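Engineer: fold the following, please.
(chains A and B)
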Amino acid sequence: AQSVTQLDSQVPVFEEAPVELRCNYSSSVSVYLFWYVQYPNQGLQLLLKYLSGSTLVKGINGFEAEFNKSQTSFHLRKPSVHISDTAEYFCAVRGSYGQNFVFGPGTRLSVLP
Amino acid sequence: NAGVTQTPKFQVLKTGQSMTLQCAQDMNHNSMYWYRQDPGMGLRLIYYSASEGTTDKGEVPNGYNVSRLNKREFSLRLESAAPSQTSVYFCASSEDSLLREQYFGPGTRLTVT
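Structural biologist: The predicted structure is shown next:
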């Protein structure tokens, strides 16, 4: 079985500052990793995913994430945030043998003017 | 292309009442899912359907039933609603491939009084 930890439930940051949202996972098998974003009163949208290959993955809206197998982490970063990035961000893992998605508890990013 | 649609958007029930949440997708996906989202707990899988004609329990199936009506539609039924079922419910769909992400509907906000 897989599990996902997002250590920060809330992250406030000023506009144009960099941000990192942390995600750690545990799994006994190889995994595929995803970051989703949820804007207020909306469903989840895919930001980026890691399937294989390069450990640095680029997504939409200027976000990127780095897969670190030894640290079992998949942290999300953006070098300069905008007010419009205010949302909840979910890390998700899926086992490579067809297991279902497991979502972390989410990190609420608040971008302050 | 509407993607994943859910009805209703909002619902208030009294304890003991029943209702069905509807979900449809127009992406010809084989797999469909029902999640509930509660504060601080992320998304938890209620039931899923890997393909038309099959359904399986997820992490929190108690108090719910599902029907995969056809390839497009996957409904979630609460037979006797309880206050603990107050939540936001999301339907999602995905292709068969393990490499594919899930696409989410806009959610149904359910309150049980």
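
Engineer: could you pull up phi and psi at A:N61?
Structural biologist: Reported as degrees, to the nearest 10, the phi and psi values for A:N61 are phi 60, psi 30.

Engineer: measure how buried B:G16 is and give me the count.
Structural biologist: 10 (other CB atoms under 10 Å in any protein chain shown). Every C-beta, even on glycine, is put in place using the N, C-alpha and C of the backbone.

Engineer: that one sits in which helix or strand?
Structural biologist: Secondary structure assigned from DSSP states H and E places B:G16 in neither a helix nor a strand.

Engineer: which residues touch residue 6?
Structural biologist: Assuming you mean chain A. A:21-23, A:90-91, A:104-107 (CB atoms under 8 Å, 6 or more residues apart in numbering or on different chains).

Engineer: let me rephrase: I mean chain B.
Structural biologist: With CB under 8 Å, 6+ apart as the criterion, the residues that contact B:Q6 are B:21-23, B:89-91, B:105-108.

Engineer: excluding its backbone neighbours, what's nearest it?
Structural biologist: Sequence neighbours aside, B:G105 is the residue nearest to B:Q6 in space, at 4.0 Å (criterion: CB to CB, 6 or more residues apart in numbering or on different chains).

Engineer: please apply the same query to A:C23.
Structural biologist: Leaving aside its sequence neighbours, A:C23 is closest to A:C91 (3.5 Å, by CB to CB, 6+ apart).

Engineer: out of the contacts of A:Q6, which end up buried?
Structural biologist: Those of the contacts of A:Q6 that meet the buried threshold are A:21-23, A:90-91, A:104-107, by 16 or more other CB atoms under 10 Å in any protein chain shown.

Engineer: how about the residues you listed in a markdown table, adding pLDDT and secondary structure?
Structural biologist: Converted to a markdown table, the buried ones among the contacts of A:Q6 look like this (pLDDT from 0 to 100; DSSP: H, G, I helix; E, B strand; the rest coil):
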| residue | pLDDT | secondary structure |
| --- | --- | --- |
| A:L21 | 98 | strand |
| A:R22 | 97 | coil |
| A:C23 | 97 | coil |
| A:F90 | 96 | strand |
| A:C91 | 96 | strand |
| A:G104 | 93 | coil |
| A:P105 | 92 | coil |
| A:G106 | 94 | coil |
| A:T107 | 96 | strand |
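
Engineer: and A:Y25, how far from B:P106?
Structural biologist: Separation of A:Y25 from B:P106 (CB to CB, to the nearest Å): 27 Å.

Engineer: for chain A, what's the nearest residue on chain B?
Structural biologist: With CB to the nearest CB as the measure, the residue in chain B that lies nearest chain A is B:F104; the distance is 3.7 Å.

Engineer: contacting residues for that residue?
Structural biologist: Taking CB under 8 Å, 6+ apart as the contact definition, B:F104 lies against A:36, A:43-45, B:4, B:90-92.
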